[in-house]
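Colleague: Build me a structure from this.
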Amino acid sequence: MQQIDINSDEFQAELEKTWQFVEKVNTQFGFVQNPNDEVNEGVAMGLARNRLTYGKRFCPCFMVIGETKEEQKAADNRICPCKPALEKEIPEDGLCHCGIFCTPEYAASQQIKAEAEEVAHTHSQGLTRGQAQALLNEAQLDGDELEALLEARSLKMVDFTLMDVREYMEYQMEHIVGTDALVPTSQFYAKIEEHSDKKHTPVIVYCFTGSRSFQVQHAMKSLGFEHVCNLRPGIIAYNGATARGE
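Modeller: Below is the predicted model of the structure:
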């Protein structure tokens, strides 16, 4: 699998085409972009990455199934704007699964909600050892819970492996401080073998929105990993420390 340089002229040109594509879809269907610019940026970069990698704008929030173009077509991978989004997700939920395409009503309500949360939200960590262990037994974690667990790990109250399952370029753009391993979904079955020693210890997986990591979570369980937690809805909603680069 090729490594894509996000600073290359090739990628930047494809990213510009992707933004033009997004504007065209918005105009055609009467959508607007998510009020969260980080959602839009992450999805657009994922679409550009998939266009360069696979030749199509496969939905970046799902694993691309199939090695060849014929296998990918037979697997019915989502191609943006995908049929489930147009026929079900946006009409019913107000936004597509990845979140870049929204109804104007949904976008307005989210903007109000975000402003209210910024004023009202308070964060408390200080977990006891028992509370930290109980969190590691949960299947799904939110950003505050992960931040608290990272603090608990730094105090040697619990131990776990934090695994990023996005692609290499996404990791370079931003990753959670304390991440122990990168296992890209595009290379999942090859890379996960390197971590077979962690089948009996807790692992927390994350991606951009929680979708790819949710799939990886279930794949890991099928391979014998006993304790796998998923960060929902991914790094997009994580307020703890992050870093760029290696």
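Colleague: okay, how far is it across stretch 97-106, tip to tip?
Modeller: End-to-end distance for stretch 97-106, by Cα to Cα, to the nearest Å: 13 Å.
Colleague: what's the distance between the residue nearest in space to the middle of the chain and Thr201?
Modeller: Centroid-nearest residue in the chain: Phe208, 1.9 Å away (criterion: Cα atoms, centre = their mean). Taking Cβ to Cβ, to the nearest Å as the measure, Phe208 falls 25 Å from Thr201. All C-beta atoms are positioned from the backbone trio N, CA, C, and that covers glycine.
Colleague: ok, now Ala74?
Modeller: 37 Å.
Colleague: So Leu141 is in contact with Gly234, correct?
Modeller: No. Between Leu141 and Gly234 there is no contact under Cβ atoms under 8 Å: 10.7 Å.
Colleague: Make sure Glu151 is actually in contact with Leu127.
Modeller: Yes. With contact defined as Cβ under 8 Å, Glu151 reaches Leu127; the gap is 7.4 Å.
Colleague: These two: which has the busier surroundings?
Modeller: Between Glu151 and Leu127, counting by other Cβ atoms under 10 Å, Leu127 is the more crowded of the two (19 against 16).
Colleague: Can you check what pLDDT the model gives the nearest residue to Val158 once chain neighbours are set aside?
Modeller: The shortest distance from Val158 to any non-neighbouring residue, by Cβ to Cβ, 6 or more residues apart in numbering, is to Ala132 (4.5 Å). Ala132 is assigned 85 on the pLDDT scale.
Colleague: would Arg212 count as being in a strand?
Modeller: No. With DSSP: H, G, I helix; E, B strand; the rest coil as the criterion, Arg212 is located in helix rather than a strand.
Colleague: Okay, it and Ile4: tell me how far apart.
Modeller: From Arg212 to Ile4 the distance is 17 Å (Cβ to Cβ).
Colleague: Equivalent analysis for Thr179, please.
Modeller: For Thr179, the distance to Ile4 - Cβ to Cβ - is 20 Å.
Colleague: Which of the three states applies to the residue nearest to Val158?
Modeller: helix.
Colleague: wouldn't it be in contact with Leu149 here?
Modeller: Yes. The pair Ala132 and Leu149 qualifies as a contact (Cβ under 8 Å) at a distance of 6.0 Å.
Colleague: Which one of those two is surrounded by more residues?
Modeller: Just comparing Ala132 and Leu149: by other Cβ under 10 Å the higher neighbour count belongs to Leu149, 26 against 20.
Colleague: Distance check, the more buried one against Ile235.
Modeller: In terms of Cβ to Cβ, Leu149 sits 15 Å off from Ile235.
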